[in-house]
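A.B. asks: predicted coordinates and the sequence they were generated for:
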Amino acid sequence: MRININLSSQKYEDAGEFYLRWGSALALALIITVGLGAWAWKHHGDTVSDRQRIDKLRRQIEEVDRDRAQNQAIRDRAENRDAVEQSDFWNNIIEQRQFSWTQLFSDLEKIMPGRAFVVAIHPIASEGKATSPDNRLKLELIIDGEKHDNGLELIRHMEGSPRFRFPEIQSEEIKQWQNKTSTVEFKIVTFYNPGAAVQASPAREGM
């Protein structure tokens, strides 16, 4: 008769099940660790990218500040005072919606003689203001024409328009060009009222 005697001092355990359980736990811990590492790496990359964008924006702001300081220094120069005052005046007029470049050029087009055109327009300060009490703007117009009569004709048209008041030719100069042709440049000063009612405009002559 055969008798089996267990001489082990500890309880029997299934090693395969032990390794399976702990292996699964270890694999799960490894997956979590890898996931956390990937998230940390991505977060680090995003932080670096954000820092680079912030540095770039800071440099752009510094450049804008430098440009603003340079522009302000240029505006503050004594020789630029007139240009700055004119620029501020026009910006103020446009901001208040009292003036429209489109309307002004449209009004001029309706009364401009044939073969005459606008070269430049400047506001003129009158007694410290560029407007009269009835909101008329005082303007200096540089007009190029084919002949002396173009300036006189334009003055007549301005006098007949409700938009222009007290037009006056202040100077007249003959300009010679390289193609041996010549034009007459007029400097005309007038008040302009953008809010005046428009009547029938005179027909353009010489068209």
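C.D. replies: Done, it's in. Numbers count the residues shown, from 1 in each chain.
A.B. asks: out of the helices and strands in this protein, which is least certain?
C.D. replies: helix 81-95 (a mean of 67; mean pLDDT, DSSP states H and E).
A.B. asks: what helices and strands are in contact with whichever helix or strand comes after that helix?
C.D. replies: On the C-terminal side of helix 81-95, the nearest following helix or strand under DSSP states H and E is helix 101-111. For helix 101-111, the contact count by 3 or more CB pairs under 8 Å, 6 or more residues apart in numbering; DSSP states H and E identifies strand 117-123, helix 148-159 as packing neighbours. For the C-beta atoms, the positions are set from N, CA and C on the backbone; glycine is no exception.
A.B. asks: need the ones you listed in JSON lines (columns: mean neighbour count, mean pLDDT and distance to residue 25).
C.D. replies: JSON lines is the format used below for the helices and strands packed on helix 101-111 (neighbours: other CB atoms under 10 Å; pLDDT from 0 to 100; distance: least, CB to CB, whole Å):
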{"stretch": "strand 117-123", "mean neighbour count": "14", "mean pLDDT": "87", "distance to residue 25": "84"}
{"stretch": "helix 148-159", "mean neighbour count": "18", "mean pLDDT": "92", "distance to residue 25": "96"}
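A.B. asks: turn these into CSV, columns for distance to residue 102.
C.D. replies: As requested, those are exported to CSV (distance: least, CB to CB, whole Å):
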stretch, distance to residue 102
strand 117-123, 13
helix 148-159, 19
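A.B. asks: out of those, nearest to residue 185?
C.D. replies: strand 117-123 (7.0 Å; CB to CB).
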